[in-house]
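Novice: The sequence isn't on hand, but the structure is:
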């Protein structure tokens, strides 16, 4: 929702769906810049602000756009009304600023929809157990949309964004990147959490749980986007659906750690206690009584991680700590790899062939991730995109 | 509420009252310019907008300032929370855009206040019987404040404005104008509706009905303002409290109207049916079988009034219609005139002495109004201000 022009543009799309006979509920975000302005005012008012007041202030942005879109729709002859989070109501936890949706009482809404009225819903907001406005955290409008689609048992949830779908990899880096027609929830989750920041992770989790088909599409054109669906909705599944990357991690290596039971727990429990999310872990084969331990943490937590580790020096007796935040995690993702062997070896061979050194490896059922030097990011993406025949459809 | 600086300024005043041991509920308006921006967006979205959506959009302005003020107060160590109209709740009629308050359920609010928490209330808004946000019309924050003061049985309702009180007349015109320490509700009502646009008329009516003492004071300094109170609270009542003027009326004269019973009804009933508010009326003494009839209507309704009157030509058979919108209504106002004779004759003599021709006269229990040519506005105000000894205290 950039401005009034954008609201008219959305209204045109809604009217088209109504004219085609669809029942339509549309979830809106705030106008461009509005949320930032409101957050600025809050933080200028107090560094330690009350999250309940923050929510009341910030939720006003969607209140404005929902009313305006309803008015524009009415002006086009479409029966429409706005609904605020507390009016529906969208009941959430009391975790103000990052509340989770508990329940949506959609009976009234459902009734109006069945009477042909378009529901324009203020996204990102709900009402807490204390009767006060809550917000769902940044990007929460996606979550609102999926949750409402689930509550309304909608045939589909379309998410309009500034990109026209999900790509096999970042098209700004790999010119041959292709838009995917379909992708599974599981793959989308890996894509989302790995840096393809199109959909909020929570919205994808929710869509998967309630099996809501989600279409990611562009606000600026009418080209069909990418459908995020259950695995059984995709007949011909490629081995690999996409290649993602993330520059958000930093590497820590502990050299000369004693190679005895309980060492891992002694390192990782204190990090977990400090709320630091350790991602990739690799332990070298011991060549004597000691070993090297390498792992990654969020780059923003690097300094905190080091101070935790330094506090463990006496207990662990490691020889040295080295860090590297000039690394990137590159992942190949695809539910197809469950039933196909050789996916990982193809990845390692393709990277080796280009002289790219793999520092850490981690795998899950549907993805293989490697940590490499950040300088090789583009080369690695192009190499893997070609190796898995993603360049051609 | 101009901006964040203004919000901090208000917070300082609130903290001072709290430190002095007062229980404080503060009603806020939107930031300067916000309401106009929101209204602009609505009217740009549709010329014929849905008033329910308008209310939801426009009420967001006070939602923002109430949250921000609560945060600033907390930052100063004052326990505070914001309350939106629907949270209190302030129940109103369903006349969206200009709703009237029906009932305020202030029990929760009262409980919090007695626990020492400052209540920051979003003014101008309520909730309608349909569960949707309503607004009270422009200046509605004054009405919110007085209604809440009544519901909370407050000792006093302070209204912070851009003037530091109610003056004996417009100080921009009469240099000797004095700020009044006290004024009665009845006088304030006449002042408000006559163009001294400090308080919304409805807020004064409400204050009078519930006997809420209202103090009009400046946001910019700490000088005591003017107290609007019941008549029995004013010991020494002057004959005249103030001289007001209004340029909002236009004069219509029907020449040669048949002088027979039923003629007035034949003219004024159709105007009333057209929702045109006729104010002053004078009928000349008939010199034959016909008479001249002069009256005033709101200037903005002049064209509509004429078209109603032209439709009555056949029935009334008047000779001609003349109009004049270059007129001003000047009034002297004072509850003291009830018990003092000679107030009117002093007015007429003073104006005659300066050669000011009186076109129409109307009186009520506590005011005398005359219609004069607009060119004489300043002269008339200065003359009357001196004639009633308002120049010196």
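Specialist: Good, I have the coordinates. The shown structure was predicted, so the numbers you read here are calculated from the model rather than taken from an experiment. Numbers count the residues shown, from 1 in each chain, chains lettered A, B, ... in the order given.
Novice: Tell me who's in contact with the closest residue to residue A:152 other than its chain neighbours.
Specialist: Of all residues beyond its chain neighbours, the one nearest residue A:152 is residue A:106 (5.5 Å), with distances taken as CB to CB, 6 or more residues apart in numbering or on different chains. No exception for glycine: its C-beta is placed from N, CA and C like everyone else's. Listed by CB atoms under 8 Å, 6 or more residues apart in numbering or on different chains, the contact partners of residue A:106 are A:88, A:148, A:151, A:152.
Novice: can you check residue A:340 too?
Specialist: Residue A:340 makes contacts with residue A:239, as judged by CB under 8 Å, 6+ apart.
Novice: Same question for it, what's its three-state structure.
Specialist: Three-state call for residue A:340 (DSSP: H, G, I helix; E, B strand; the rest coil): coil.
Novice: now do residue A:68
Specialist: Applying three-state DSSP: residue A:68 is helix.
Novice: Likewise for residue A:356?
Specialist: What three-state DSSP gives for residue A:356 is coil.
Novice: That one contacts residue A:382, doesn't it?
Specialist: No - counting by CB atoms under 8 Å, residue A:356 stays clear of residue A:382, with 11.2 Å between them.
Novice: where along the stretch 101-250 of chain A do the helices fall?
Specialist: A:107-114, A:140-151, A:185-193, A:201-210 (DSSP state H, counting those that start in this stretch).
Novice: deepest of those, which one?
Specialist: Most buried of the helices of the stretch 101-250 of chain A, by mean neighbour count (mean count of other CB atoms under 10 Å in any protein chain shown): helix A:140-151, with a mean of 26.
Novice: neighbouring contacts of that one?
Specialist: Contacts for helix A:140-151 (CB under 8 Å, 6+ apart): A:25, A:27-29, A:62, A:85, A:90, A:101, A:104, A:106, A:109, A:121, A:123-125, A:136, A:154, A:156-157, A:159, A:199-200, A:202-204, A:206-207, A:209-210, A:212, A:214.
Novice: so of these, which ones are in strands?
Specialist: Residues of these located in strands (DSSP state E): A:25, A:27, A:28, A:90, A:101, A:104, A:121, A:125, A:157, A:159, A:214.
Novice: of all these, which two lie farthest apart?
Specialist: Using CB to CB, the ones in strands among the contacts of helix A:140-151 span at most 20.2 Å, a distance reached by A:125 and A:214.
Novice: Can you name the residues of the stretch 1-150 of chain A that neighbour chain B?
Specialist: Taking CB under 8 Å from any CB of the partner chain, the part of the stretch 1-150 of chain A that reaches chain B is made up of A:4, A:7, A:38, A:41-42, A:44-46, A:48-50, A:52-54, A:56-57, A:59-61, A:63-64, A:66-68, A:70-72, A:74-75, A:81-82, A:84, A:86-87, A:131-133.
Novice: which among these end up buried?
Specialist: A:4, A:7, A:38, A:41-42, A:45-46, A:49-50, A:52-54, A:56-57, A:59-61, A:63-64, A:66-68, A:70-72, A:74-75, A:81-82, A:84, A:86-87, A:132-133 (16 or more other CB atoms under 10 Å in any protein chain shown).
Novice: Show me where chain A dips below the pLDDT cut-off.
Specialist: A:1-2, A:193-197, A:286-287, A:392-393 (pLDDT under 70).
Novice: Show me how the record splits it into domains.
Specialist: A:4-155, A:169-199+A:226-393 (automatic domain parsing).
Novice: I'd like to know which of those is closest to residue B:346.
Specialist: Among the domains of chain A, domain A:4-155 sits nearest to residue B:346 (CB to CB), with 54.6 Å.
Novice: Residue A:257 should be in a strand, yeah?
Specialist: Yes - using three-state DSSP, the assignment for residue A:257 is a strand.
Novice: OK, contacts around it?
Specialist: Going by CB under 8 Å, 6+ apart, residue A:257 touches A:263, A:267, A:290, A:291, A:292, A:293, A:316, A:317, A:318.
Novice: what's the closest of those to chain B?
Specialist: For the contacts of residue A:257, the residue nearest chain B by CB to the nearest CB is residue A:267; the value is 40.4 Å.
Novice: other SSEs contacting the helix or strand containing that closest one?
Specialist: Using DSSP states H and E, residue A:267 maps to helix A:263-273. Contacts defined by 3 or more CB pairs under 8 Å, 6 or more residues apart in numbering or on different chains; DSSP states H and E place helix A:263-273 against strand A:249-258, strand A:290-298, helix A:302-310, helix A:313-316.
Novice: centre of the chain versus that helix, how much separation?
Specialist: Mean-position distance between helix A:263-273 and its chain equals 27 Å (CA atoms, centre = their mean, to the nearest Å).
Novice: Name the residues of it that are buried.
Specialist: Within helix A:263-273, the residues that qualify as buried by neighbour count (16+ other CB under 10 Å) are A:263, A:267, A:270, A:271.
Novice: Let me have these in TSV, adding distance to residue B:254 as columns.
Specialist: Converted to TSV, the buried residues of helix A:263-273 look like this (distance: CB to CB, whole Å):
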residue	distance to residue B:254
A:263	105
A:267	98
A:270	94
A:271	92
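Novice: hang on, the earlier thing: which ones among the buried ones among the residues of the stretch 1-150 of chain A next to chain B are found in strands?
Specialist: Here DSSP E is the test, and those give A:81, A:82, A:133 as lying in strands.
Novice: Help me confirm that the last one comes into contact with residue A:122.
Specialist: No - here residue A:133 does not reach residue A:122: they are 10.0 Å apart, not a contact under CB under 8 Å.
Novice: list residues touching both of these two?
Specialist: With CB under 8 Å, 6+ apart, residue A:133 and residue A:122 have common neighbours A:59, A:85.
Novice: Specify the beta-bridge partners of residue A:252.
Specialist: residue A:295, residue A:323 (DSSP bridges).
Novice: Who are the contact partners of it?
Specialist: Residue A:252 touches A:294, A:295, A:296, A:297, A:302, A:305, A:306, A:309, A:321, A:322, A:323, counting by CB under 8 Å, 6+ apart.
Novice: for the first one, what are its contacts?
Specialist: Residue A:294 makes contacts with A:251, A:252, A:253, A:254, A:281, A:282, A:283, A:284, A:359, A:360, as judged by CB under 8 Å, 6+ apart.
Novice: please redo it, this time with the cut-off set to 7 Å
Specialist: Neighbour list for residue A:294: A:251, A:253, A:282, A:360 [criterion: CB atoms under 7 Å, 6 or more residues apart in numbering or on different chains].
Novice: Which one of these is nearest to chain B?
Specialist: Nearest to chain B out of the contacts of residue A:294 is residue A:251 (CB to the nearest CB; 40.1 Å).
Novice: tally of neighbours for that closest one?
Specialist: 22 (other CB atoms under 10 Å in any protein chain shown).
Novice: pretty sure it is in contact with residue A:296, am I right?
Specialist: Yes - between residue A:251 and residue A:296 a contact is recorded at 5.3 Å, counting by CB atoms under 7 Å.
Novice: hang on, the earlier thing: out of the contacts of residue A:252, which end up buried?
Specialist: A:294, A:295, A:296, A:297, A:302, A:305, A:309, A:323.
Novice: Which residue is the nearest non-sequential neighbour of the closest residue to chain B within the stretch 151-300 of chain A?
Specialist: Closest approach between the stretch 151-300 of chain A and chain B, counting by CB to the nearest CB: residue A:219, at 17.9 Å. Of all residues not flanking residue A:219 in the chain, residue A:160 sits nearest, at 4.2 Å (CB to CB, 6+ apart).
Novice: For the one you found, list the residues it contacts.
Specialist: Contacts of residue A:160 (CB under 7 Å, 6+ apart): A:217, A:218, A:219.
Novice: what about 8 Å?
Specialist: Neighbouring residues of residue A:160 by CB under 8 Å, 6+ apart: A:10, A:13, A:217, A:218, A:219.
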